[in-house]
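Participant: give me the fold of what follows.
(2 chains)
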There are 2 protein chains.
Amino acid sequence: MATFTIFGTGSMATAIDGVLSAGGAQVDHISHDQGANGTVTGEVVVLAVPYPAVAGILGAYAEQLAGKVVVDITNPLNFETFDELVVAAGDSAAAEIQRALPDARVLKAFNTNFAATLASGKAGESATTVLVAGDDAEAKSLLASAIEAGGIAAVDAGSLQRAHELEAIGFLQLTLAAGEKISWAGGFSLNK
Amino acid sequence: MATFTIFGTGSMATAIDGVLSAGGAQVDHISHDQGANGTVTGEVVVLAVPYPAVAGILGAYAEQLAGKVVVDITNPLNFETFDELVVAAGDSAAAEIQRALPDARVLKAFNTNFAATLASGKAGESATTVLVAGDDAEAKSLLASAIEAGGIAAVDAGSLQRAHELEAIGFLQLTLAAGEKISWAGGFSLNK
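Facilitator: Here you go, the predicted structure:
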């Protein structure tokens, strides 16, 4: 079973830890308070922080992240307008991170899942599914296996280019929850 | 109840007709064989044709479409690569159609629903939901009411700018079905 280091200690970090730990993975965290002084021990690193916090982590930890599988969970919304993303049209936060960390294998995952749906295993009445995009099949398989060991379905959503579509889903889902069309325990599910 | 004219006679056209007719709406069709000689009688016009066929319809029917509610259901994929959309980054087919028809009220809808899920009311085990985006609240309400009268849930997904996100969902869903991760009777559902 892979070892994981999660940046962050918020609701998404806690929910992801819950899934991975339930599956028997070894998980530790690097908190915001540790600044640049944390040690990345996991083979897989989950950046469970808001998008604006990513750049600082990449700046401080680029050397330690070389060779790792790095999981981006962010939804890079403009939270002032709630009407656009702050990445360039057609781009994605995950692709930005891959360009910043050329020696890491970057995956997009968890950005289409609200924290409550990872904890409960349900989005409304439907089973929670984690969508995973990335260019490295072995890295995707490593993450998907750890998620599935924790009792949550994981689906390979394609190459890292599909992070654009995953971020579109995450964006729309956030606007639907903010607009009270759905609850924060609901959202999109994927049906076979 | 609104009256509808559906361009197209394929599986999506048939499934959409099924929902609207079940709700008591009056529906007629303009087929490909009619060329530029059809008559648009409905208040709401559904372009239930593949994206490459839209430009020809707009060219031939622009005058008749003025003042109408026009529903775009397309997923503008590059079907050769199955790896990108053919609209510009950040844009959408629906926004293109709105620019071509400034006197129509354009909506995006049905592009995240496979035909079988409109006919059965289920995406896998989950209830089918039609996501509707557009700038005109009355037009969205007209379409949503007709869909709901036919027994299918409809959710207001926001302004016409959100068509970009709906097209991203449609795109990803098509790649997942083509890659046999999901069936053509499944796909994304929206949970409250």
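Participant: start to end distance for stretch A:32-40?
Facilitator: With CA to CA, to the nearest Å applied, stretch A:32-40 spans 14 Å between its terminal residues.
Participant: contacts for that stretch?
Facilitator: If you take CB atoms under 8 Å, 6 or more residues apart in numbering or on different chains as the criterion, stretch A:32-40 is touched by A:5, A:7-9, A:30-31, A:49, A:53, A:60-61, A:64-65, A:68. (C-beta placed from N, C-alpha, C; glycine too.)
Participant: give me that answer again for 6 Å
Facilitator: Here stretch A:32-40 makes contact (CB atoms under 6 Å, 6 or more residues apart in numbering or on different chains) with A:5, A:30, A:60, A:64.
Participant: looking at those, which are in helices?
Facilitator: A:60, A:64 (DSSP state H).
Participant: report the central residue of chain A.
Facilitator: A:I73 (2.2 Å; CA atoms, centre = their mean).
Participant: the closest residue to that residue other than its chain neighbours: how many residues sit nearby?
Facilitator: Excluding its sequence neighbours, the residue lying closest to A:I73 (CB to CB, 6 or more residues apart in numbering or on different chains) is A:F110, at 4.1 Å. Neighbour count of A:F110, defined by other CB atoms under 10 Å in any protein chain shown: 28.
Participant: try A:L47
Facilitator: The number of residues packed near A:L47 is 26, by other CB under 10 Å.
Participant: so it bridges to which residues?
Facilitator: Per DSSP bridges, the residues bridged to A:L47 are A:F7, A:D72.
Participant: please report how far it lies from chain B.
Facilitator: 22 Å (CB to the nearest CB, to the nearest Å).
Participant: can you check A:D83 too?
Facilitator: Applying CB to the nearest CB, the value for A:D83 to chain B is 7 Å.
Participant: just checking, A:I73 touches A:T112?
Facilitator: No - with contacts counted by CB atoms under 6 Å, A:I73 stays clear of A:T112, the gap being 9.5 Å.
Participant: quick check: end-to-end length of stretch A:146-159?
Facilitator: 19 Å.
Participant: picking that back up, so which of the contacts of stretch A:32-40 is the closest to chain B?
Facilitator: A:T5 (28.8 Å; CB to the nearest CB).
Participant: was I right to think A:L172 contacts B:E165?
Facilitator: Yes - look at A:L172 against B:E165 with CB under 6 Å: they come within range, at 4.1 Å.
Participant: quick one: name the residues of chain A near chain B.
Facilitator: Counting by CB under 6 Å from any CB of the partner chain, chain A comes close to chain B at A:89-90, A:123-124, A:126, A:155, A:158, A:165, A:168-169, A:171-172, A:175, A:181-182, A:186, A:188-192.
Participant: show me what counts as buried in stretch A:131-149.
Facilitator: A:131-134, A:139-140, A:142-144, A:146-147, A:149 (16 or more other CB atoms under 10 Å in any protein chain shown).
Participant: contact partners of it?
Facilitator: By CB under 6 Å, 6+ apart, stretch A:131-149 touches A:2, A:19-20, A:23-25, A:69, A:105, A:107-109, A:112, A:130, A:154-160, A:162-163, A:166.
Participant: can you give me the strands for chain A?
Facilitator: A:3-7, A:26-30, A:44-47, A:69-72, A:105-108, A:122-123, A:126-127, A:129-134, A:153-158, A:187-191 (DSSP state E).
Participant: dump those strands into CSV; add mean pLDDT and distance to B:T117 as well.
Facilitator: Output for those, formatted as CSV (pLDDT from 0 to 100; distance: least, CB to CB, whole Å):
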stretch, mean pLDDT, distance to B:T117
strand A:3-7, 98, 36
strand A:26-30, 98, 38
strand A:44-47, 98, 33
strand A:69-72, 98, 30
strand A:105-108, 98, 26
strand A:122-123, 98, 17
strand A:126-127, 97, 14
strand A:129-134, 98, 17
strand A:153-158, 98, 18
strand A:187-191, 98, 9
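Participant: grab the nearest non-local neighbour of A:E167.
Facilitator: A:S92 (5.1 Å).
Participant: quick check: that neighbour touching A:R162?
Facilitator: No - the criterion here is CB under 6 Å, and A:S92 misses it with A:R162 at 8.8 Å.
Participant: my read is that A:I152 contacts A:A123, right?
Facilitator: No - A:I152 lies out of contact with A:A123 (CB under 6 Å); the separation is 10.7 Å.
Participant: more neighbours, those two?
Facilitator: Taking other CB under 10 Å, A:I152 and A:A123 do not tie; A:A123 has more neighbours (29 against 24).
Participant: for that one, give the beta-bridge partners.
Facilitator: Going by DSSP bridges, A:A123 is paired in beta bridges with A:S126.
Participant: would you mind measuring from A:V106 to chain B?
Facilitator: From A:V106 to chain B the distance is 18 Å (CB to the nearest CB).
Participant: one step back: so the residue nearest to A:I73 versus B:G42, what's the distance?
Facilitator: 43 Å (CB to CB, to the nearest Å).
Participant: which stretches of chain A aren't confidently modelled?
Facilitator: Scanning chain A for pLDDT under 70 picks out no residues.
Participant: and the helices in it, which stretches?
Facilitator: Counting by DSSP H, the helices of chain A are A:11-22, A:51-65, A:93-100, A:115-120, A:137-149, A:163-178.
Participant: tabulate those helices (JSON lines), appending distance to B:E84.
Facilitator: Shown next, in JSON lines, are the helices of chain A (distance: least, CB to CB, whole Å):
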{"stretch": "helix A:11-22", "distance to B:E84": "30"}
{"stretch": "helix A:51-65", "distance to B:E84": "24"}
{"stretch": "helix A:93-100", "distance to B:E84": "14"}
{"stretch": "helix A:115-120", "distance to B:E84": "30"}
{"stretch": "helix A:137-149", "distance to B:E84": "20"}
{"stretch": "helix A:163-178", "distance to B:E84": "10"}
